[in-house]
Structures are given as structure tokens and as C-alpha cells.
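Undergrad: the sequence and its predicted three-dimensional model are supplied below.
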Amino acid sequence: KWTQTKNFKYNEKIYLMIKKILIITFIYLLSFVHAFSAGSDGDGGTSKVKTNYEKAVTHIKSAKKYEKKGKLERAKKKYEKAQKLLLKSNIKKPNKPDTLNYLGFTTRKLGDYKNGEKYYLQGLALDPNHVGINEYLGELYVATNRVDLAKERLEILAKCNCEEYSELKQIIAGTKKSKY
């Protein structure tokens, strides 16, 4: 009888230990599955659903290609689609300099320099050294005969040691026409 009691206590300890291991494993797996079901918010995750911003960038790249081929009406339609998507993106996630940069760009490309400038200036208020905004705003200033303001953008770009600096410098000097 004593050996039966000893074996029972020994078996009970093994049973409890196995039960704890199974519970811990189950909780771990449950949290692991939960992490995958959470998905991504579009900021670098692996989600295949594109954000409005990402869709807009795709349309802008496509529009630039159409422009290079001289297909200006198709380019205009792509810029219009991009602008609509960027406006939605700006509502959902306001105050993103990259979004405001592309909003300024598409608005300018559609011929509305006044509102394009407003978007660029909003973006610069958030990130005064944003390379893209400073270049595109400088180009807008050249296009609207405000070269003195374009030179201010050039001064800011001088610190970045980047392609945008040399492009804007050539555009201001008149040795190069703006690609966009």
C-alpha cells in the first residue's frame, strides 16, 4: 500500500508538470496567432493592402512616365487620381510631410500653383529640411518668377549634399528645365 501511495504522488507530480507545460504552450501559441491576425497598418509591415498614400505614389510614378512619353492627358488623369488618394490619406493621417509634399506636387502639376504652394508650406512647417519639398517648392518659385524665394530653398538644400540641390541650382540658373 505504501508503494501505491508513493507511485500515485509521483504520477500526480508528473501529471501537474505536464499540465503546466501544455497550458504555457497553449498561451504562447495563442499570443503568437493573435500577433499574426493583427496585421499591419501600412508602415513597413508585410500587409498586401496598399495605403492611399502608397497608391498615390504609384499613380505619380506612372504619370511621370506618361509625361516623358508626351502622353500628357494620361499623365493628367494619373495626377488627378493621385491627388484624390493623397487628400484621403491626409484626412486619415494628417500632418505627414511626405503626403503634403506629394499633395503640393500633384496640385502644382494640375496647374494650381497657389494651393500647391500651400501644401508645400504646410509640409515645411513640419519638416523645414525636407529635401523633396524644398526642391519642388523651389521649382514652383522659379515657374512663378520668384527666383529669390527659390534661392532660399537652394540654400537649405546646400546642406544635404544631394541630387536635388544640383537640379534646383541648374533650374534657377536656367541651364536645365524642370523635369516635373
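TA: Received the coordinates, thanks.
Undergrad: and the helices in the protein, which stretches?
TA: Taking DSSP state H as the test, the helices found in the chain are 2-38, 52-68, 72-92, 97-109, 113-126, 131-143, 147-157, 163-173.
Undergrad: take those and lay them out in TSV including mean pLDDT and mean neighbour count.
TA: Heads up, the C-betas are built off the backbone N, CA and C, glycines and all. As requested, the helices of the chain are exported to TSV (pLDDT from 0 to 100; neighbours: other Cβ atoms under 10 Å):
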stretch	mean pLDDT	mean neighbour count
helix 2-38	67	9
helix 52-68	96	18
helix 72-92	97	18
helix 97-109	97	24
helix 113-126	97	18
helix 131-143	96	24
helix 147-157	96	17
helix 163-173	95	17
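Undergrad: quick one: Val142 from Ile171, how far?
TA: Distance of Val142 to Ile171, given as Cβ to Cβ, to the nearest Å: 6 Å.
Undergrad: joint contacts of the two?
TA: Taking Cβ atoms under 8 Å, 6 or more residues apart in numbering as the criterion, Val142 and Ile171 both touch Ala150, Ser178.
Undergrad: and Gly123, how far from Gly116?
TA: 11 Å.
Undergrad: what do the two both touch?
TA: In contact with both Gly123 and Gly116: Gly104, using Cβ under 8 Å, 6+ apart.
Undergrad: dump the residue contacts of Gln122.
TA: Asn95, Leu100.
Undergrad: what's the answer for Arg146, then?
TA: By Cβ under 8 Å, 6+ apart, Arg146 has no neighbours at all.
Undergrad: could you number the chain from 291 rather than 1 from now on?
TA: Renumbered: residue one is now 291, and that last one reads Arg436.
Undergrad: quick check: phi and psi on it?
TA: Arg436 has phi and psi values of phi -120, psi 60 when expressed as degrees, to the nearest 10.
Undergrad: and the gap between Leu320 and Ile313?
TA: Going from Leu320 to Ile313 by Cβ to Cβ gives 11 Å.
Undergrad: sorry, wrong one. I was asking about Leu439.
TA: The gap separating Leu439 from Ile313 is 67 Å, by Cβ to Cβ.
Undergrad: how close does Glu454 sit to Tyr431?
TA: 14 Å.
Undergrad: I meant to write Thr389 there.
TA: 21 Å.
Undergrad: do His349 as well
TA: 25 Å.
Undergrad: what of Ile314?
TA: As judged by Cβ to Cβ, Ile314 and Tyr431 stand 64 Å apart.
Undergrad: any idea how far the residue lying closest to Thr434 once chain neighbours are set aside is from Ala433?
TA: Closest residue to Thr434 apart from its sequence neighbours, by Cβ to Cβ, 6 or more residues apart in numbering: Tyr403 at 5.7 Å. Taking Cβ to Cβ as the measure, Tyr403 falls 7 Å from Ala433.
Undergrad: many thanks, have a good one.
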